[in-house]
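Engineer: sequence below, structure please.
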Amino acid sequence: MLQIDNLHADVGGKPILKGLSLAIGAGEIHAIMGPNGAGKSTLSYVLGGRPGYEVTSGSVTLEGQDLLALAPHERAAAGLFLGFQYPVEIPGVSFVQFLRESLNSQRKARGEPPLSGAEFLKLAREKAALLKLDMDMLKRPVNVGFSGGEKKRAEMVQMGILDPALAILDETDSGLDIDALRVVGDGINAIMRRPEKAVLLITHYQRLLDYVRPDFVHILSDGRIVKTGGPELAHRLEAEGYEAVAA
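Structural biologist: Numbers count the residues shown, from 1 in each chain. Down below sits the predicted model:
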């Protein structure tokens, strides 16, 4: 599904990704772990198409399509979803309206008819219930006044509504307490653990992986993947640290 070959990328003229290669197949969940400054968030922003992140060499394809040739909104319509470590607030914009417009713009790009208001509200209630988020929260401006956990659960509701082929989740566990972590983990499994979908989890800690068990765990260091293993690799990292495990 996702094929990254020898990817190099700069931020502000500074090389961050230095030959990263990764293949994610349909039905797979991959986790990337690594120390601060390793390039984890840079990878997510490059895949999402954030301005200021310059790819200097290498290639990325999503289901055979050149991802790097697409604008950010085209990447979203092609099936990519990027979950942020710090979801932004958008004062004055209703979350429900934001989500409906987002979904229908993607449906239009794919040649699909828009959902009516009633059809969308039914879908939104279903996904909000899955993440145990009160629908009243979605009537408020986007993320305004939300706690850290509420922002992450709302973002997972957004993921459920948009129904992407590939979800890249950048430190989704950041700011979550134990109960919220379980709800978010269960939501990721319910929405994305399917044969036709894939997930790339970016995290510092093993705790999310107790709920969303990955098929593969990769250690990212100095802009490239230096070690790959199964879920047990995350437990080793937790116990021994990056230097001992990645050496």
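
Engineer: double-check that Val199 belongs to a strand.
Structural biologist: Yes. According to DSSP: H, G, I helix; E, B strand; the rest coil, the state of Val199 is that of a strand.

Engineer: what is the least confident helix or strand in the protein?
Structural biologist: Among the helices and strands of the chain, helix 242-246 carries the lowest confidence by mean pLDDT, DSSP states H and E, at a mean of 77.

Engineer: how about the strands in this structure?
Structural biologist: 2-11, 14-24, 29-33, 53-62, 65-66, 80-83, 90-94, 141-142, 166-170, 198-202, 216-221, 224-229 (DSSP state E).

Engineer: now Leu181: how far from Val217?
Structural biologist: The span separating Leu181 from Val217 equals 18 Å under the rule C-beta to C-beta, to the nearest Å. For every residue, glycine as well, the C-beta is placed using N, CA and C.

Engineer: which one of these two has more residues nearby?
Structural biologist: Remark: of Leu181 and Val217, Val217 carries more neighbours, 25 against 21, as counted by other C-beta atoms under 10 Å.

Engineer: can you name the residues bridging to the more buried one?
Structural biologist: With DSSP bridges applied, Val217 shows beta-bridge pairing to Ala31, Gly229.

Engineer: ok, now the one 4 residues further on?
Structural biologist: Each beta-bridge partner of Ser221 is listed here, defined by DSSP bridges: Arg224.

Engineer: and it, how far is that from Gly241?
Structural biologist: Ser221 sits at a distance of 12 Å from Gly241 (criterion: C-beta to C-beta).

Engineer: settle it for me: which of the two has more neighbours?
Structural biologist: More crowded of Ser221 and Gly241, by other C-beta under 10 Å: Ser221, with 18 against 11.

Engineer: what's the pLDDT at Ala247?
Structural biologist: Looking at Ala247, its pLDDT stands at 66.

Engineer: pLDDT below threshold where in this protein?
Structural biologist: Under the criterion of pLDDT under 70, the regions of the chain flagged as low confidence span 247.

Engineer: and for the spatially closest residue to Arg50 that is not a sequence neighbour, the neighbour number?
Structural biologist: Distances taken as C-beta to C-beta, 6 or more residues apart in numbering put Pro72 closest to Arg50, at 7.4 Å, once the chain neighbours are dropped. Using other C-beta under 10 Å as the criterion, Pro72 is surrounded by 13 other residues.
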